[in-house]
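Novice: Sequence first, predicted coordinates after that:
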Amino acid sequence: MSARRVFIRGVGVVSALGRDWPSTADALAAGRSAIGPITHFDVEGFPCTVGAPVLDPELDGPDRRMGLARRAAREAWTRAGVSVAPERLGVFIGAESGRATLATVCELARAAGGGRTFEHLRFGARAPALAERIDASVVSPAAVASALAGEWDARGPAQTVSLACASGSAAIIEAVRALRLGLCDVALCGGVGADVDPLMLAGFGHLGILSAKGCSRPFDARRDGFVVGEGAAMVVLSVERGEARAEIAGVGRSLDAYNLTAPDPEGDGARRAMSAALRDAGVETVDYVQAHGTSTPLNDPVEAKALRAVLGDGLTRARVGSVKGALGHWVAGAGALGLVCAYEAVVGGRMLPSAGLETPDPDCELPHVMGEAVHQEAGTALVNAFAFGGANTSLVVRRLA
């Protein structure tokens, strides 16, 4: 018995460039960037002082992931126009733990004594008053999927994937597998990241992977690190075609088993993930690649090497772009955003560019999309998302006749 096909019925995005996918896509196609100075908290002394936050009071709440995810999910669901029994609807979301505000975290630390020892009696007396500020959703990765399942009365499989930068794409892969296996008939899936905050900026800064120059330049010779962005990208998948114009034809996953924060320099895991996705789709090459393209010194040349190894001569007929040049790195939402960009190439006929890329690094030699979008319909597109810990994901999107 052959596996069921999985069709893309609707997409939704909220980003620093737009409230929905059409406005975001138009801005991306024009080569615009949302990256700029961070102004909603004090960044003096931080190693990087720019980002691409979504500053919208409508999205504020105990957990900003919720507001971002709900808006994107509602757009995707409206565009999909599907009808499904609650028991046949699954929810698969890529998300990492939320965080309380920095002020609350500092007060909790002071309540515990603020030193190397934990004064549990003091903490027990003072913490209850602070607990009211921390909704359960703030600290649980699973809360986003649970909240969306509740809003749509989804009673099928629900899953949260927390896999750093590959979370969103890995969640979509799990949705594809569930649909193919008949565990559900429709899946609401995607990823969300809300990481433009002091704790994440400090953490990434200490790892030395943020841009000190304040610019995201995927594959550029002058790149010096990534910029943190945030947003949500959601997709509605179905085993019924309806009016779908594209399908997820192939998926692949692998693990480097090399280093927690650095990729395998030979790109072995990246090659295996891409090869698996292409093999699953039954194709050897693609017309467009929405690359992981983080703008870091280590990741970009490794991905470029892996792409050249996997696509070979077929790469000369493809084009490559990375959305992180315009919207920064969404971390848990990055792979899902990449899928929507690939969908735009296949369905909208726009191959989106790598904003910030002006002088390609010779070690990252690829057929880059630079400046503005290439208006050319793609029959197939490849999406890459590679994460800390060496987790690699790839998906192939195919246009329907």
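Specialist: Received the coordinates, thanks. Residues are numbered from 1 along each chain as shown.
Novice: any idea which helix or strand comes after the host helix or strand of Ala385?
Specialist: Applying DSSP states H and E as the criterion places Ala385 in strand 380-386. With elements assigned by DSSP H and E, the helix or strand that comes after strand 380-386 is strand 391-399.
Novice: ok, that following strand: who's next to it in the sheet?
Specialist: strand 246-255 (antiparallel), strand 380-386 (antiparallel) (DSSP bridges).
Novice: In three-state terms, label Ser169 for me.
Specialist: Under DSSP: H, G, I helix; E, B strand; the rest coil, the three-state class of Ser169 is helix.
Novice: Quick check: nearest residue in space to the residue sitting nearest the centre point of the chain, chain neighbours excluded?
Specialist: Residue closest to the average C-alpha location in the chain (Cα atoms, centre = their mean): Ala334, at 1.6 Å. With Cβ to Cβ, 6 or more residues apart in numbering as the criterion, Ala334 has its nearest non-adjacent residue at 5.3 Å, and that residue is Cys165. C-beta here means a position set from N, CA and C on the backbone, and glycine is covered the same way.
Novice: isn't there a helix covering the one you found?
Specialist: Yes - counting by three-state DSSP, Cys165 is located in a helix.
Novice: Next one: it, what pLDDT does it get?
Specialist: Note for Cys165: predicted pLDDT of 97.
Novice: now swap in the one 4 residues further on and tell me
Specialist: According to the model's per-residue confidence, Ser169 sits at a pLDDT of 98.
Novice: Quick check, it in contact with Gly338.
Specialist: Yes - between Ser169 and Gly338 there is a contact at 6.6 Å, judged by Cβ atoms under 8 Å.
Novice: the more surrounded of those two?
Specialist: A direct count of neighbours by other Cβ atoms under 10 Å for Ser169 and Gly338 places Ser169 higher, at 37 against 33.
Novice: Now do the contacts for Ala145.
Specialist: If you count contacts by Cβ atoms under 8 Å, 6 or more residues apart in numbering, Ala145 has them with Val91, Phe92, Ile93, Ala95, Ala158, Gln159, Thr160.
Novice: give me that answer again for 7 Å
Specialist: Contact analysis of Ala145 by Cβ atoms under 7 Å, 6 or more residues apart in numbering lists Val91, Ile93, Ala158, Gln159, Thr160.
Novice: thinking again about what came up before, burial count for the residue nearest to Ala334?
Specialist: Around Cys165 there are 29 residues (other Cβ under 10 Å).
Novice: In this structure it contacts Ala387, no?
Specialist: Yes - with contact defined as Cβ atoms under 7 Å, Cys165 reaches Ala387; the gap is 4.1 Å.
Novice: hmm, back to that, per-residue confidence averaged over the strand holding Ala385?
Specialist: Averaging pLDDT along strand 380-386 yields 98.
Novice: CA atoms only for that strand, dumped as CSV, please.
Specialist: Provided in CSV are the C-alpha atoms of strand 380-386 (Å, rounded to 0.1, in the frame of the first residue of the first chain):
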residue,chain,number,x,y,z
THR,A,380,10.4,21.8,-7.2
ALA,A,381,12.0,23.5,-4.2
LEU,A,382,14.2,22.2,-1.4
VAL,A,383,14.1,23.5,2.1
ASN,A,384,17.0,23.1,4.6
ALA,A,385,17.1,23.7,8.4
PHE,A,386,20.1,22.6,10.4
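Novice: Pull the residues that contact it.
Specialist: 165-166, 169, 263, 270, 274, 277, 283, 286-292, 299, 303, 334-335, 338-339, 342, 345-346, 392-398.
Novice: what's the distance between that strand and the middle of its chain?
Specialist: Centre-to-centre, strand 380-386 and its host chain are 11 Å apart (Cα atoms, centre = their mean, to the nearest Å).
Novice: ranges for the strands of the stretch 1-150 of the chain?
Specialist: Along the stretch 1-150 of the chain, counting by DSSP state E, counting those that start in this stretch, strands occupy 7-14, 36-37, 50-51, 89-94.
Novice: what sits up against stretch 301-309?
Specialist: 219, 263, 265, 267, 270-271, 274, 289, 291-293, 315, 361, 363-366, 384.
Novice: Filter those down to the ones in strands?
Specialist: Judged by DSSP state E, the contacts of stretch 301-309 include Val289, Asn384 as members of strands.
Novice: Give me the buried entries from the contacts of stretch 301-309.
Specialist: 219, 263, 267, 270-271, 274, 289, 291-293, 315, 361, 364, 366, 384 (16 or more other Cβ atoms under 10 Å).
Novice: Go through these and flag which are in helices.
Specialist: Ala270, Arg271, Met274 (DSSP state H).
Novice: ok, and the helix or strand in the protein with the lowest average confidence?
Specialist: Using mean pLDDT, DSSP states H and E, the weakest-scoring helix or strand in the chain turns out to be helix 136-139, at a mean of 72.
Novice: who does that one touch, helix- and strand-wise?
Specialist: helix 143-151 (3 or more Cβ pairs under 7 Å, 6 or more residues apart in numbering; DSSP states H and E).
Novice: I'd like to know which elements the helix or strand that the helix it packs on is followed by is packed against.
Specialist: For helix 143-151, the following helix or strand on the C-terminal side (DSSP H and E) is strand 158-161. If you count contacts as 3+ Cβ pairs under 7 Å, 6+ apart, strand 158-161 packs onto strand 89-94, helix 143-151, helix 167-181.
Novice: Tell me the strands beside the following helix or strand past the longest one, with direction?
Specialist: In the C-terminal direction, the helix or strand that comes right after helix 167-181 (DSSP H and E) is strand 186-194. According to DSSP bridges, the neighbouring strands of strand 186-194, each with its direction, are strand 89-94 (parallel), strand 230-238 (antiparallel).
Novice: can you state the direction angle for strand 186-194 and strand 7-14?
Specialist: Strand 186-194 runs at 30 degrees relative to strand 7-14, counting by axes from the mean of the first three to the mean of the last three Cα atoms, to 10 degrees.
Novice: Put the alpha carbons of the following helix or strand past strand 186-194 into CSV.
Specialist: Downstream of strand 186-194, the first helix or strand assigned by DSSP H and E is helix 198-207. Written as CSV, here are the backbone C-alpha positions of helix 198-207 (Å, rounded to 0.1, in the frame of the first residue of the first chain):
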residue,chain,number,x,y,z
PRO,A,198,17.8,40.0,26.7
LEU,A,199,18.4,36.4,27.8
MET,A,200,18.6,35.0,24.3
LEU,A,201,20.7,37.9,23.0
ALA,A,202,23.1,37.4,25.9
GLY,A,203,23.2,33.6,25.4
PHE,A,204,23.8,33.7,21.7
GLY,A,205,26.3,36.5,22.2
HIS,A,206,28.4,34.4,24.6
LEU,A,207,28.5,31.7,22.1
